[in-house]
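# fold the following and give me the result.
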Amino acid sequence: MSTRYGITIPFDGIALHAHKEWFARLRELGYTDVWSAEVDGGDGFTPLALAAAWEPELKLGVAITPAYTRGPALLAQSVAAIADAAPGQFAFGLGASSEVIVANWNGLAFENQYRRVRDTLRFLKVALSGDKVTEDYETFSVKGFRLARIPEQLPPIYLAALRPGMLHLAGREADGAILNWLSATDVARSVAEVTKVAGGVPKEIVARIFVIPTEDADLARMVGRRMITAYLNVNAYAEFHRWLGRGPALQPMWDAWAAGDRKGALAAIPDEVVDDLVVHGSVSACRDHVRRYMEHGVTIPALAVIPIGIDLADAVAGLSPSAR
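Reported below is the predicted structural model:
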């Protein structure tokens, strides 16, 4: 597997139509990948379509698209279109997402997460090959769908995975796994779960890594605590960190949050937990910290840069491969 180094797009505060010069600069700085997301901003595909048109040398990825929010056929069309626009450059990230996104925002039942992701993965592998699909999967049925535009090169499919069940599915049936909200030293445990069922087939390991390049540790930890409460109170992430052994350190935060004490929840997060999960410090210290993720098994880091007290352009340049 080649050396990859990615960054999360689009950048906050910059319109999509203004990203052309940013994509060019990313390529010049040595970033190989741009990775979108699909939460409450742009959809996961439009920023990648722009990058494909403006900077075709960049690798493209989405981490992640929920398995619920598009019907199976439409999802196959979206994946195939980007793969067709950027042959050999696009990787598709699939995941369960969360109850907030799927149920609260989109009005869909958020249930049978493992089976829904498994069924969607299996459907996509058949549909993207051009075969006609008539199949009663456990969580949905497809009758008579055939993709009319088959990409020249089929995109790899990576699964967002936290605990062993989904990590094993990624290792057995997908092309890799996407990790999120873990420390550099946690990576090896997750990777081991993927590789032990992969039958010796190499798998890519993508990780979104949150980076706050500031030497003001108090400020970085304040921002990091707010990010942690937003994510780690979601049940899937809470169970993930219990599995990683971080339960005792986070239990006071979970208890305060459940009691409606938001300030208490923030205060209850130990500094060492923030320092483990959020990369911060000087840009050189941040680069070293990201490198540790790669040393522990991440093959494609996707930095999510939060520029606090530093211009975004300076942060992106300072964290880039060309600065190492």
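# spatially central residue in the protein, please.
A63 (3.5 Å; CA atoms, centre = their mean).
# packing partners for the helix or strand hosting that one?
If you go by DSSP states H and E, A63 is part of strand 59-66. In terms of contacts (3 or more CB pairs under 8 Å, 6 or more residues apart in numbering; DSSP states H and E), strand 59-66 is packed against strand 33-36, helix 46-54, helix 72-85, strand 90-95, strand 157-160, strand 176-180, strand 204-212, strand 300-305. Every C-beta, even on glycine, is put in place using the N, C-alpha and C of the backbone.
# need these in TSV (columns: mean pLDDT, distance to A127 and mean neighbour count).
Shown next, in TSV, are the helices and strands packed on strand 59-66 (pLDDT from 0 to 100; distance: least, CB to CB, whole Å; neighbours: other CB atoms under 10 Å):
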stretch	mean pLDDT	distance to A127	mean neighbour count
strand 33-36	98	22	26
helix 46-54	98	19	20
helix 72-85	98	4	19
strand 90-95	98	12	26
strand 157-160	98	11	25
strand 176-180	98	20	25
strand 204-212	98	22	24
strand 300-305	98	25	24
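# so which of these is nearest S320?
S320 lies closest to strand 300-305 among these, at 9.3 Å (CB to CB).
# the strand holding A63: partners in the sheet, and parallel or antiparallel?
strand 33-36 (parallel), strand 90-95 (parallel) (DSSP bridges).
# returning to what we had before: who wins for proximity to K263 among the helices and strands packed on strand 59-66?
strand 204-212 (20.9 Å).
# can you pull the contacts of G245?
Applying CB atoms under 8 Å, 6 or more residues apart in numbering to G245 gives no contacts.
# again, only this time at 10 Å
Counting by CB atoms under 10 Å, 6 or more residues apart in numbering, G245 touches 186, 189.
# which one of the helices and strands packed on strand 59-66 lies closest to I14?
The nearest among these, by CB to CB, is helix 46-54 at 10.8 Å.
# what's that closest one packed up against?
helix 20-29, strand 33-36, strand 59-66, helix 72-85, strand 90-95 (3 or more CB pairs under 10 Å, 6 or more residues apart in numbering; DSSP states H and E).
# could you export the ones you listed as a markdown table, including distance to E215?
Below are those laid out as a markdown table (distance: least, CB to CB, whole Å):
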| stretch | distance to E215 |
| --- | --- |
| helix 20-29 | 22 |
| strand 33-36 | 26 |
| strand 59-66 | 29 |
| helix 72-85 | 39 |
| strand 90-95 | 32 |
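# of all these, which lies closest to G260?
When the helices and strands packed on helix 46-54 are ranked by proximity to G260 (CB to CB), strand 59-66 comes first, at 28.2 Å.
# which helix or strand in the chain has the lowest average pLDDT?
helix 99 (a mean of 94; mean pLDDT, DSSP states H and E).
# averaged pLDDT, stretch 10-23. What do you get?
Stretch 10-23 shows a mean pLDDT of 98.
# now do that stretch: everything it contacts.
7, 9, 26, 31, 34, 36-37, 41-42, 46-55, 57-58, 305-307, 312-313, 316.
# surely H241 is within a helix?
Yes: counting by DSSP: H, G, I helix; E, B strand; the rest coil, H241 is part of a helix.
# which one is it nearest to, not counting chain neighbours?
Spatial nearest neighbour of H241, excluding adjacent residues (CB to CB, 6 or more residues apart in numbering): L250 at 5.7 Å.
# now do that neighbour against E135, distance only.
41 Å (CB to CB, to the nearest Å).
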